[in-house]
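Colleague: my questions concern the predicted model and sequence given below.
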Amino acid sequence: MAAAVRAGRRLRQAVEGGELAGLPAGLRAELEAALASEGALVPFGLLRRLHAALREAGRPRRPWRDGPRPGGPPLTVPCPVPPPAGSPLYLHELLEGSEIDLPEVPVPPRNPELVARLERIKAKLANEEYRRMTRNITGQEMNGTLAEFGRQVRSVKAVVITIFNFIVTVVAAFACTYLGSQYVFAETAARVLSAVIVASVVGLAELYVMVRTLEGDLGKL
């Protein structure tokens, strides 16, 4: 809480230049001591006394005179006179350029245990925030990797099944033609030749279908 004023140039001039010569000597001495102190700090209490002294010095004086008093001794009564020439000094004029001295508020030392606890809480919250932010990223990467692996497995599986079907179909066509041609051809060579021709035709058809299927599966990869 502010309790003093740092004196400005105007107040110094008034004290050092003799403008306050009409004030009590004790008050002037206190003002000179305050201006000579470190920082030229003038307490508020001294300013209040200076204000009161300035008001008192600025009031017009009324001289007293003796007047007749019926049936008794003369009576001393005031006689009105005009106020003295010149304007009195005002406190706000003397405080031009002065500043209120605001003392520094002492900062109490922080409790080391409390500081350590706050640091632990901050670190814990930061770790939880990091895990929350990276949890979705890790899950998405894992899901994406698993999904890609699953698509590759399905594609490879489809290719293997297609090749197996091709082989089975060609072999079955050859076997069926060879066994069925015994009712048409008596010679083995003719039966084998007819089975090879039928198996080749079926194989070419299956090969066409297999190639189209493999192109679709490889395009998905």
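Modeller: Good, I have the coordinates.

Colleague: what's the helix or strand for residue 31?
Modeller: Element membership of residue 31 [criterion: DSSP states H and E] is helix 25-36.

Colleague: which element follows the longest helix anywhere in the chain toward the C-terminus?
Modeller: In the chain, with assignment by DSSP state H, the single longest helix is helix 112-180. Note on helix 112-180: by DSSP H and E, the next helix or strand toward the C-terminus is helix 188-220.

Colleague: packing partners of that next one?
Modeller: helix 112-180 (3 or more Cβ pairs under 8 Å, 6 or more residues apart in numbering; DSSP states H and E). (C-beta placed from N, C-alpha, C; glycine too.)

Colleague: nearest residue to residue 22 in space, ignoring adjacent ones along the chain?
Modeller: The shortest distance from residue 22 to any non-neighbouring residue, by Cβ to Cβ, 6 or more residues apart in numbering, is to residue 57 (5.1 Å).

Colleague: next, the one you found: secondary structure please.
Modeller: helix (DSSP: H, G, I helix; E, B strand; the rest coil).

Colleague: gap between it and residue 31?
Modeller: Going from residue 57 to residue 31 by Cβ to Cβ, to the nearest Å gives 14 Å.

Colleague: look at those two and report which has more neighbours.
Modeller: Each of residue 57 and residue 31 has its neighbours counted (other Cβ atoms under 10 Å); residue 31 has more, 24 against 14.

Colleague: contacts only, for that one.
Modeller: The neighbourhood of residue 31, defined by Cβ atoms under 8 Å, 6 or more residues apart in numbering, consists of 15, 20, 42, 46, 50.

Colleague: look up phi and psi at the second one.
Modeller: For residue 20, the backbone dihedrals are phi -100, psi 30 (criterion: degrees, to the nearest 10).

Colleague: tally of neighbours for the residue lying closest to residue 32 once chain neighbours are set aside?
Modeller: If the residues on either side of it in the chain are set aside, residue 32 comes closest to residue 15, at 6.0 Å by Cβ to Cβ, 6+ apart. Applying other Cβ under 10 Å, we find 21 residues neighbouring residue 15.

Colleague: pretty sure the residue nearest to residue 22 contacts residue 23?
Modeller: Yes: with contacts counted by Cβ atoms under 8 Å, residue 57 reaches residue 23, the gap being 6.5 Å.

Colleague: by mean pLDDT, point me to the weakest helix or strand of this protein.
Modeller: Ranked by mean pLDDT, DSSP states H and E, the helix or strand of the chain with the weakest confidence is strand 75-78, at a mean of 44.

Colleague: elements contacting the helix or strand following that strand?
Modeller: Next helix or strand after strand 75-78 toward the C-terminus (DSSP H and E): helix 91-94. Applying 3+ Cβ pairs under 8 Å, 6+ apart, one finds that helix 91-94 contacts helix 9-16, helix 44-58.

Colleague: for the shortest one, the averaged confidence score.
Modeller: Here the mean pLDDT over helix 9-16 is 84, rounded to a whole number.

Colleague: extract the CA atoms of it and return them as PDB.
Modeller: Below are the C-alpha coordinates for helix 9-16, written out as PDB (Å, rounded to 0.1, in the frame of the first residue of the first chain):
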ATOM      1  CA  ARG A   9      11.000  19.500  -9.000                       C
ATOM      2  CA  ARG A  10       8.300  21.900  -8.000                       C
ATOM      3  CA  LEU A  11       8.200  20.900  -4.400                       C
ATOM      4  CA  ARG A  12      12.000  21.000  -4.200                       C
ATOM      5  CA  GLN A  13      12.000  24.500  -5.600                       C
ATOM      6  CA  ALA A  14       9.400  25.600  -3.100                       C
ATOM      7  CA  VAL A  15      11.400  24.200  -0.100                       C
ATOM      8  CA  GLU A  16      14.800  25.200  -1.300                       C
END
